[in-house]
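Asks: predicted model, plus sequence, below.
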Amino acid sequence: MKSQDVRKQFLNFFEGKGHLIVPSAPIVLKEDPTLMFNNSGMAQFKEYFLGNGTPKSNRIADTQKCLRVSGKHNDLEEVGIDTYHHTMFEMLGNWSFGDYFKKEAINWAWELLTEVYKIPKDILYVSVFEGNPDENVPFDQEAYDIWKTLISEDRIILGNKKDNFWEMGEQGPCGPCSEIHVDIRSAEEKAKISGKELVNNDHPHVVEIWNNVFMEFNRKADGSLEKLPAQHVDTGMGFERLCMVLQGVQSNYDTDVFSPIIQHIEKITGAKYTVKAKDDEEEKINIAIRVIADHVRAVAFAIADGQLPSNTGAGYVIRRILRRAIRYGFTFLNTKEAFIYQLVATLSDQMGGSFPEITAQKNLVMNVIKEEENSFLRTLDQGLQLLENVISSTQGKLVSGQKAFELYDTFGFPIDLTALILRERGYELDEAGFDKAMLEQKTRSRAASEVSTEDWVILEEGNYETFVGYDQIENEVKITRFRKTDSKKDGVLFQIVLNNTPFYPEGGGQVGDKGVLISANDTIQIIDTKKENNLIVHFSKQLPENVQATFEAKVDSGLRDLTSRNHSATHLMHQALRSILGTHVEQKGSLVNPNYLRFDFSHFAKMTEVELQQVEDFVNARIQEQLPLIERRSIPFAQAVSEGAMALFGEKYGDEVRAIKFGESMELCGGIHVKNTAEIWHFKIVSEGAVAAGIRRIEAITSDAVKTHFASYETTLNEVKEALKNPQDILKAVHSLQEENGKLSKQIEALMKDKVKTIKVTLASEIKTVNGVQFLAKQVDLDPNGAKDLAYELGTLGTNVFVILATDDPEVSGGKPTISCYISKELVAEKSLNAGNVVRELGKYIQGGGGGQPFFATAGGKNSLGIAEALEKAMDFIK
């Protein structure tokens, strides 16, 4: 059965059971502060389990793109080593929100597996929760009794809390679960040991394929459990594992989910993937191919959903996954050029039918991955040079783990590649030292990000909340719930939920509102507003004395106005870019705050000055036209798109959306906007640059920031005018100054050449012959360029010249020493000398380093006191 049919039959089955089929949410989560990525099928439904929203249907089913790089069985460094864990995977799932429970969920799971997919019953095992007396949670007798009617009792396993009690997090909905495992071993293997003994023991052919979670408890901050008001079902079945079973293979990577990608890797690299490796070398190649095949899926879908690789947050995770794939190709498949980006075409052909975003964003994804590959391959080259320095400075054969960690942490050089190179060179890595440094870093990072969160204190029952901020910035409110959080980064904060709030929560690129809550006795500062699980949460450093009081909620109107101007200008700029550069331009990220706006968009080249001016003129023309805001607060999604509204990839839209229109600009947007474009006053681009391959970034300002910008330019102009003695024509005076400076520079250059020739005559008499080499090591009163010219001049004196020249700049605090080395090309060939290696060694004495060509190289440093010792040691290279 083809994988497309496996997916289709699952969805058809549950549609027949009255489930609404919904599309996968983006793999990247933008409005859930507790998660970077969708790591399970239920993540997009959290608000329903928490009672903070109402689902479209009480029965839902889908296939969800998921990404995991940590947790049980999902350490990134282990993916590819085995054949059944992945970074990105599909989770087939069905949900009940207060509707059916254990009986239906279990019976339907069994029906689908054994009657529709026709998996033999005698290769299946199931597990139920054994209970936990410490938490007063009983054995799941109900699930056990249901399973008894479907399967032999000797195939029912009692599982502990670790395996059979599912929790959303440290707090929140949770409950017992019932797993279904499959044993696809051969008859001979089954005769040796029962599959029952291998369940949950990391056997590659005895694996869990489906987990039915029965959410009936809420975990509180103190660890205790309370019953939920409604019972829910959350199930998840691993799509790749299911395909392995139904296609009769022994590995997820042997299914048609992965085989097209693997075949493409084989074609590009010339490597061969073998189902059963004969030796360690074949297994290393197999692992490398599995790593690349797995990782390209995770990276491609994350980029398609709007997450670009970067050095922080979710972007860092994506970069780390991609770099792991690159280094496996570099080390084990001998790929020294970018190639992973080519696999995206195969991925698009294979999965575009179910996930159209990968096809729509194919070119962008390929460009970004290619650029990331080339960048990291350059990093690897640099790292190899740095590793050479570490090796050359090592006493003995044990290389410092701390030094290896610095290469890994600062330069991104993979530790496994470091260890491999060291072994090949006869050295050993101090792994304990590396592990210690890594643990210290993780401990620091964990401590910095650790947050303790107390339970919500409920003041008014029912999770109801109304946002009134589109129409007003002041409102009478009551606090419905609050809780306390504590972190090293932010200290103690209080999170407050109101019944009717005018505060806009951070979202869609726009920052959250700030303001105050005022009562008869209190004025509480609201320092930020965010949305979590469909609740608008207001952040404050203090709690009112009387939380039951009635408050006046007031948004900071000044900040709100500036932000709204920047947001509306962003829409106009988006329209301008598509009009001027072309309709290939799509938004790839944005930030809107009171100070400025930032807009990332797809475009293949740096914008010209003319294009930037055209964009400014376009936006300012729309401002001058005084276009009124046309807001359609609740319009069907399909209708809005059909009328021309821009919908962004990677965003999650409901059936009803809000459309914002200024003239011909129309976008789906939940943010705050001006009532008329005239309020923006003026628009000015301050920078344009690259973020990634095919992604450009514009930063711009409006309103008061533009006034400040022009005032700053005027001040600078006046200062320049004053420095030039207040000429009538400033531009003419600057040109005159430049001409005069050019003439003086030429005079200095001529004088320097004369000085070099004079010094050459003096130093020629100081050259000594050492072991048949004409040798000179001297500090000279020249700048580094002059020293280079002098070195080449001295090099003309023979074919066996070895010259070391040092310079210094005493005007720099601590000095600015340089060391230059010239070696005759004949001497380089005859004695295998290398100027680059020479300056790297001598550079250590001036606390620096450098490099260059075999016949000439330069090193810079910061310790002038080391020059004398460096010159003294220079002769060692020719002894």
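Replies: Okay, I see it.
Asks: from here on, contacts and neighbour counts on C-alpha atoms
Replies: Fine.
Asks: hmm, Tyr117 is touching Gln247, no?
Replies: No: Tyr117 is not in contact with Gln247 according to C-alpha atoms under 8 Å; the separation is 10.7 Å.
Asks: any low-confidence regions in the stretch 451-600 of the chain?
Replies: 463 (pLDDT under 70).
Asks: how about 80 then?
Replies: Scanning the stretch 451-600 of the chain for pLDDT under 80 picks out the ranges 461-464.
Asks: show me the helices in it, by range?
Replies: 557-580 (DSSP state H, counting those that start in this stretch).
Asks: contact partners for Gly433?
Replies: Gly433 makes contact with 400-402, according to C-alpha atoms under 8 Å, 6 or more residues apart in numbering.
Asks: check Lys514 too.
Replies: 503, 525-529, 555-556, 559.
Asks: next, give phi and psi for Ile289.
Replies: phi -70, psi -40 (degrees, to the nearest 10).
Asks: again with Ala447
Replies: phi -60, psi -40.
Asks: Glu283 and Val780, how far apart?
Replies: 58 Å (C-alpha to C-alpha, to the nearest Å).
Asks: with Lys103 instead?
Replies: For Lys103, the distance to Val780 - C-alpha to C-alpha - is 90 Å.
Asks: of the two, who's got more company?
Replies: Comparing Lys103 with Val780 by other C-alpha atoms under 10 Å, the one with more neighbours is Val780, at 17 against 13.
Asks: measure Leu572 to Ser348 for me?
Replies: The value you get for Leu572 to Ser348, if C-alpha to C-alpha is used, is 32 Å.
Asks: neighbour count: the two, which is higher?
Replies: In terms of neighbours (other C-alpha under 10 Å), Leu572 is the more surrounded of Leu572 and Ser348; the figures are 26 against 22.
Asks: next, the contact list for the residue nearest to that one when sequence neighbours are not counted, please.
Replies: Spatial nearest neighbour of Leu572, excluding adjacent residues (C-alpha to C-alpha, 6 or more residues apart in numbering): Val619 at 5.8 Å. Residues in contact with Val619 (C-alpha under 8 Å, 6+ apart) are 569, 572-573, 576, 683.
Asks: with Thr858 instead?
Replies: Per C-alpha under 8 Å, 6+ apart, neighbours of Thr858: 818-821, 836, 839, 850-852.
Asks: try 10 Å this time
Replies: By C-alpha atoms under 10 Å, 6 or more residues apart in numbering, the residues touching Thr858 are 784, 787-788, 804-806, 818-822, 835-836, 838-840, 843, 849-852.
Asks: what's the helix or strand for it?
Replies: strand 856-860 (DSSP states H and E).
Asks: just Met666 next, same as before
Replies: Counting by DSSP H and E, Met666 is found in strand 665-668.
Asks: immediately after that strand, which helix or strand?
Replies: strand 683-692.
Asks: who does the helix or strand just after that next one pair up with?
Replies: Sequence order places strand 695-702 as the next helix or strand after strand 683-692, per DSSP H and E. Its sheet considered, strand 695-702 pairs with strand 597-602 (antiparallel), strand 683-692 (antiparallel) by DSSP bridges.
Asks: for strand 695-702, output the C-alpha coordinates as PDB.
Replies: Provided in PDB are the C-alpha atoms of strand 695-702 (Å, rounded to 0.1, in the frame of the first residue of the first chain):
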ATOM      1  CA  ILE A 695      15.100  36.700   1.600                       C
ATOM      2  CA  ARG A 696      15.600  40.500   1.900                       C
ATOM      3  CA  ARG A 697      14.800  42.700   4.900                       C
ATOM      4  CA  ILE A 698      13.700  46.300   4.900                       C
ATOM      5  CA  GLU A 699      13.600  48.500   8.000                       C
ATOM      6  CA  ALA A 700      11.600  51.700   7.800                       C
ATOM      7  CA  ILE A 701      10.200  54.400  10.000                       C
ATOM      8  CA  THR A 702       7.100  56.600   9.900                       C
END
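Asks: scan this structure for its longest helix.
Replies: helix 730-764 (DSSP state H).
Asks: what is whichever helix or strand comes after that one packed up against?
Replies: Downstream of helix 730-764, the next assigned helix or strand under DSSP H and E is strand 768-770. Counting contacts by 3 or more C-alpha pairs under 10 Å, 6 or more residues apart in numbering; DSSP states H and E, strand 768-770 packs against strand 773-779, strand 801-807.
Asks: what comes up buried for the helix or strand that the first one is followed by?
Replies: So that's strand 773-779. For strand 773-779, the succeeding helix or strand toward the C-terminus, using DSSP H and E, is helix 784-795. Neighbour counts over helix 784-795 (16 or more other C-alpha atoms under 10 Å) mark 784, 786-792, 794-795 as buried.
Asks: out of the residues you listed, who's nearest Lys442?
Replies: Nearest to Lys442 among the buried residues of helix 784-795: Pro784, at 42.8 Å, using C-alpha to C-alpha.
Asks: show me what the strand holding Met666 is packed up against.
Replies: helix 557-580, strand 630-636, helix 637-642, strand 656-662.
Asks: what about 8 Å?
Replies: helix 557-580, strand 656-662 (3 or more C-alpha pairs under 8 Å, 6 or more residues apart in numbering; DSSP states H and E).
Asks: Val754: neighbour count?
Replies: Careful, residue 754 is Asp and not Val. 12.
Asks: and it, how far from Tyr792?
Replies: As judged by C-alpha to C-alpha, Asp754 and Tyr792 stand 14 Å apart.
Asks: Phe855 now?
Replies: Counting by C-alpha to C-alpha - Phe855 and Tyr792 are separated by 10 Å.
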